[in-house]
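In: Please find the sequence and the predicted model below.
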Amino acid sequence: MKRILLLVILVLLLIVAWQWRGYINQQQIELWIEQAGLWAPIFFIVLYAAATVLFVPGTVLTLAGGALFGPIFGALINLTGATIGATLAFLVSRYVASDWVEQRAAGKMKKILDGVEDEGWRFVAFTRLVPLFPFNLLNYVLGLTKIPFLHYVVATWIFMLPACFAYTYLGYAGGEALKGSESMIQNGVIALALIAAVAFIPRVVARLQQKDGDEK
């Protein structure tokens with residue numbers, strides 16, 4: 001009975017999130033953060049985690065985190081919120097909504113299940129570095145695998161870091177540019193270099209996998 005009730009609540013929250021998705025933009029987030037005062041970092045982490053669970057795209061939040069909190073602290077806040085949200089989605093899938101997740105994931109299930117079966121935490125690391133699957137859905141699907149909880153959380157946190165930092169810095173550079181900062185050109189170049197480096201990661205991973213396969 002409790003499981004059904006939790007599932008109903010989750011579905012209702014998803015419906016609300018879908019109806020309100022148009023209101024979640026950088027200006028609205030900045031307004032909420034200003035109103036939160038000293039609680040702003042905690043509020044932002046909770047907001048990011050909830051967005052992750054409710055299938056709200058996190059790009060806007062990541063950019064806003066960089067603009068509001070800076071490249072270092074902002075990356076830490078973004079990464080914490082994303083990891084907590086990914087962890088909650090994993091737990092919901094594993095213990096509450098497994099049937100619903102299986103229906104929603106459809107054809108993606110077998111590839112992910114086989115990947116975790118063969119590679120374990122390395123597959124989680126790979127999917128965090130190389131976005132082959134939608135992030136929000138992937139968190140739920142991974143909850144259906146046999147991967148240990150701690151392996152999932154640690155791999156998620158570590159291997160989301162490169163992309164998280166790059167996009168957080170992009171948000172920071174954009175915020176500084178709007179303020180008319182003298183270093184906006186320098187910040188822009190650094191942000192673009194970081195994004196390019198993250199985009200190059202899949203090629204490096206593919207080469208490493210090929211090399212490993214050749215050695216075997």
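Out: All right, it came through fine.
In: And the pLDDT for the residue most central in space within the chain?
Out: Nearest residue to the geometric centre of the chain (CA atoms, centre = their mean): residue 82, 4.6 Å. Residue-level confidence at residue 82 comes out at 95, pLDDT.
In: Residue 215 now?
Out: pLDDT recorded at residue 215 is 53.
In: same thing with residue 137?
Out: 83.
In: do the same with residue 45
Out: At residue 45, pLDDT is 93.
In: how about low-confidence regions in the chain?
Out: 1-26, 97-110, 205-216 (pLDDT under 70).
In: just the strands in the chain please.
Out: Along the chain, counting by DSSP state E, no stretch forms strands.
In: Once you drop chain neighbours, what's closest to residue 42?
Out: residue 36 (7.9 Å; CB to CB, 6 or more residues apart in numbering). C-beta here means a position set from N, CA and C on the backbone, and glycine is covered the same way.
In: Residue 58 touches residue 49, doesn't it?
Out: No - the pair residue 58 / residue 49 is not scored as a contact, 10.0 Å apart, by CB atoms under 8 Å.
In: Quick check: neighbours shared by those two?
Out: Taking CB atoms under 8 Å, 6 or more residues apart in numbering as the criterion, residue 58 and residue 49 both touch 82, 85.
In: Now for the closest residue to residue 40 other than its chain neighbours, how many residues are close by?
Out: Sequence neighbours aside, residue 33 is the residue nearest to residue 40 in space, at 4.7 Å (criterion: CB to CB, 6+ apart). Residues lying near residue 33 (other CB atoms under 10 Å) number 20.
In: for residue 33, what are its contacts?
Out: Under the criterion of CB under 8 Å, 6+ apart, the neighbours of residue 33 are 40, 43, 44, 68.
In: May I ask which of these has the most neighbours?
Out: Within the contacts of residue 33, most neighbours by other CB under 10 Å means residue 44, with 24 neighbours.
In: now it: how far from residue 27?
Out: Between residue 44 and residue 27 the computed distance is 15 Å (CB to CB, to the nearest Å).
In: Start and end of stretch 140-147, how far apart?
Out: Length of stretch 140-147, first residue to last, CA to CA, to the nearest Å: 13 Å.
In: what distance separates that stretch from the centre of its chain?
Out: When C-alpha coordinates are averaged (CA atoms, centre = their mean, to the nearest Å), stretch 140-147 and its chain have centres 16 Å apart.
In: Buried residues in that stretch, which are they?
Out: For stretch 140-147, burial by neighbour count (16 or more other CB atoms under 10 Å) applies to 140, 141, 142, 143, 144, 145, 147.
In: And for stretch 190-205?
Out: Neighbour-count burial for stretch 190-205, with 16+ other CB under 10 Å as criterion, is recorded at 190, 191, 194, 198, 201.
In: Quick one: those residues as CSV, columns for distance to residue 136 too.
Out: Putting the buried residues of stretch 190-205 into CSV (distance: CB to CB, whole Å) gives the following:
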residue, distance to residue 136
190, 28
191, 24
194, 23
198, 19
201, 20
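In: got the contact list for residue 59?
Out: residue 167.
In: Try it again at 10 Å.
Out: Neighbouring residues of residue 59 by CB atoms under 10 Å, 6 or more residues apart in numbering: 135, 167, 170, 171.
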